[in-house]
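# Coordinates for the following, if possible.
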Amino acid sequence: MRATGNTDLRAFVAVAEQGNFSKAAEQLGLSPSSLSQIIRTFEERLGVRLIHRTTRSVSLTEAGERLLLRIRPALAELDAALSDVGHFRDRPAGIVRVRCLRHAFRIYVAPILVAFHTAYPDIKLDILVDDAIVDLVAGGFDVGFTLGEVLEKDMVGVKLGGEMRQIAVASPDYIARHGRPETPKDLHSHKCIRWRWSGRVTPYNWEFFKDGAWFEVEVDGPLILSEQTMTIDAAVQGMGIAFWIEQELKPLIDQGKLVSLLEEYSAPFPGFYICYPQQRQMAPALRAFIDFVKASAAER
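Model prediction:
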């Protein structure tokens, strides 16, 4: 026997509950004759009469009463399941997997977490904060925050803020003991606090700008760290010269804990972007997160 369709069952329940073909047909958006034919075909397929029909009334047979008792809870559960799935369309829900550089997390993500959760309580953010440059798709991420200079060509990138620049800094105590470098080459005779990109073997070479071109300086010093903020802490303590984003260093410079160096060799470069793979239809949860980040960044 062919499996019974959802339409057959709903037609039967409507007739049983209304006790009238005309009212049931109106509820289902059908003509009474079409509904009658659906029920008749349903009974023929089952080989059992489900409904007694007279010119004045409709009643269930014993088989019909037993069927109604069994399928009414099942249909209610089915409706609840479909309604739950519909929330993904009407109200964004699900998991958004995010890859975020540490500095971008502090600027663009950390400040919005509470507000985003309040606006979208059914969205769960799974965030990996790491300074490694990785393939988002291969890593299973939905969206990432990265620098414009390393934005992958096949990604959709939305600029979040203005340009940034990196500067060298040292404590007043270090400068009093060792002097100031006047050019980037002078860094070879200074103690530099180096940083290693996550996943890289060698430390990051410091980048400077002169005469319209960028160039790198391979510095040396007593300390190599995997966390940029730690290099700044070490510089404040007078251990050597550090190199990082000016926006992060400005409060310490304003407080007199650090002194900026070689600024004439420090040029701006593209700032942070939120990026994601190009796709025909974006999940509502992902779209909600991206739009929220963009709106927050625009207000800054």
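
# contacting residues for the residue nearest the centre of the chain?
In the chain, the centroid-proximal residue (Cα atoms, centre = their mean) is Val96; its distance is 4.1 Å. Residues near Val96 by Cβ atoms under 8 Å, 6 or more residues apart in numbering: Ile123, Lys124, Leu125, Asp126, Asp142, Val143, Ala283, Ala285, Leu286, Phe289. For glycine as for every other residue, the C-beta is placed from the backbone atoms N, C-alpha and C.

# now these as CSV including pLDDT and secondary structure?
Below are the contacts of Val96 laid out as CSV (pLDDT from 0 to 100; DSSP: H, G, I helix; E, B strand; the rest coil):
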residue, pLDDT, secondary structure
Ile123, 94, strand
Lys124, 95, strand
Leu125, 95, strand
Asp126, 95, strand
Asp142, 92, coil
Val143, 92, strand
Ala283, 87, coil
Ala285, 92, helix
Leu286, 93, helix
Phe289, 95, helix
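
# Now flag whichever of these is closest to Leu28.
Ala283 (33.0 Å; Cβ to Cβ).

# Surely the closest one touches Gly94?
Yes. Between Ala283 and Gly94 there is a contact under Cβ atoms under 8 Å: 6.5 Å.

# Give me the neighbour count for the nearest residue to Thr61 once chain neighbours are set aside.
Leaving out its chain neighbours, the residue that sits closest to Thr61 by Cβ to Cβ, 6 or more residues apart in numbering is Arg49, at 5.4 Å. Around Arg49 there are 15 other residues, counting by other Cβ atoms under 10 Å.

# In stretch 240-260, which residues are buried?
240-249, 252, 257-259 (16 or more other Cβ atoms under 10 Å).

# what's the span of that stretch from first residue to last?
Terminal residues of stretch 240-260 lie 13 Å apart, using Cα to Cα, to the nearest Å.

# per the record, what domains does this protein have?
Using automatic domain parsing, the domain ranges for the chain come out as 6-90, 94-153+277-299, 166-265.

# what ranges do the helices span in the stretch 101-250 of the chain?
Ranges of helices in the stretch 101-250 of the chain, per DSSP state H, counting those that start in this stretch, are 102-104, 113-119, 172-178, 228-236, 246-254.

# would you list the ones you listed in TSV and tack on distance to Glu77?
Formatted as TSV, the helices of the stretch 101-250 of the chain follow (distance: least, Cβ to Cβ, whole Å):
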stretch	distance to Glu77
helix 102-104	44
helix 113-119	30
helix 172-178	70
helix 228-236	52
helix 246-254	54
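
# Could you say which one of those helices comes nearest to Glu62?
Checking those against Glu62 by Cβ to Cβ gives helix 113-119 as the closest, at 53.8 Å.

# Check which helices and strands that closest one is in contact with.
Applying 3 or more Cβ pairs under 8 Å, 6 or more residues apart in numbering; DSSP states H and E, we find helix 113-119 packed against strand 123-129, helix 284-299.

# Quick check: buried residues in it?
For helix 113-119, the neighbour count (16+ other Cβ under 10 Å) marks Phe116 as buried.

# contacting residues around it?
Residues from elsewhere that reach helix 113-119 (Cβ under 8 Å, 6+ apart): Ile123, Leu125, Ala288, Phe289, Phe292, Ser296.

# Repeat that for stretch 203-214.
Identification of contacts with stretch 203-214 by Cβ under 8 Å, 6+ apart yields 166, 168, 184, 187, 192, 194-197, 215-219, 224, 243, 262, 265-267.

# Glu65 belongs to a helix?
Yes. Under DSSP: H, G, I helix; E, B strand; the rest coil, Glu65 sits within a helix.

# Quickly note the distance from it to Glu44.
In this view, Glu65 and Glu44 are 19 Å apart by Cβ to Cβ, to the nearest Å.

# How about Asp186?
Distance of Asp186 to Glu44, given as Cβ to Cβ: 96 Å.

# Could you do Ser189 as well?
Counting by Cβ to Cβ - Ser189 and Glu44 are separated by 97 Å.

# Ok, Phe116 next?
Separation of Phe116 from Glu44 (Cβ to Cβ): 56 Å.
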